[in-house]
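*Asks:* I'd like to go over a predicted model; first the sequence, then the structure.
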Amino acid sequence: MAEVIGAVIMGILIAIIDTIFMIKDESADAKTVLGHGLGSLVYLIPFCLAAFNLDFVIGMDFIPEAAKNKGIILAGLGVITAIIIHAKSAMFKHSKGLGTHITWAHSLVVGILVAVSPFVYVFISPFVEGLTKKS
């Protein structure tokens with residue numbers, strides 16, 4: 001069965017971290033930066049879904065046999081995420097000058113978080129279950 005709840009929770013947590021990096025790195029008004037940060041949910045949640053459901057991704061026909069390795073797919077998801085985040089911040093419209101986009105280090109941190117999100121969720125899932133239990 002597909003793991004959806006954990007992927008959505010991790011996608012939201014990583015989007016919050018991404019927004020914090022955007023607030024630190026980009027110089028614009030808060031409303032614009034927060035809107036830009038919330039837009040990261042569009043690709044972070046699907047990438048976390050792919051990271052959580054690697055067997056489904058490996059079973060896809062368009063992935064070459066040489067790349068049907070869980071480590072390669074996780075690394076690819078992390079690199080693609082970092083590239084998308086950096087490219088999106090480089091096209092940031094309301095910045096107050098050139099060079100006011102997210103650094104590569106912050107982009108790579110978010111990409112690595114996407115790649116390791118299934119492993120991190122194992123540690124935070126007891127807290128999530130404790131919050132959702134009815135007393």
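*Replies:* Sure thing, it's come through. Residues are numbered from 1 along each chain as shown.
*Asks:* all helices for this protein, in order.
*Replies:* In the chain, the helices defined using DSSP state H lie at 5-25, 30-38, 41-52, 54-58, 70-90, 104-132.
*Asks:* okay, the angle between the third one and helix 5-25?
*Replies:* This points to helix 41-52. Here helix 41-52 runs at an angle of 130 degrees relative to helix 5-25 (axes from the mean of the first three to the mean of the last three C-alpha atoms, to 10 degrees).
*Asks:* same for helix 41-52, what does it pack against?
*Replies:* Judged by 3 or more C-beta pairs under 8 Å, 6 or more residues apart in numbering; DSSP states H and E, helix 41-52 is in contact with helix 5-25, helix 70-90, helix 104-132. No exception for glycine: its C-beta is placed from N, CA and C like everyone else's.
*Asks:* so the second one versus helix 5-25, what angle?
*Replies:* Compare the direction of helix 70-90 with that of helix 5-25 by the same axes, to 10 degrees and you get 40 degrees.
*Asks:* give the buried residues for helix 70-90.
*Replies:* Neighbour-count burial for helix 70-90, counted by 16 or more other C-beta atoms under 10 Å, picks out 73-74, 76-82, 84-86, 88-89.
*Asks:* which residues touch that helix?
*Replies:* With contact meaning C-beta atoms under 8 Å, 6 or more residues apart in numbering, helix 70-90 is reached by 18, 22, 25-26, 36, 39-40, 43-44, 47, 50-51, 54, 57-58, 63, 67, 101-102, 104, 106-108, 110-112, 114-116.
*Asks:* what subset of those is buried?
*Replies:* Judged by 16+ other C-beta under 10 Å, buried ones among those: 18, 22, 25-26, 36, 40, 43-44, 47, 50-51, 54, 57, 101-102, 106-108, 110-112, 114-115.
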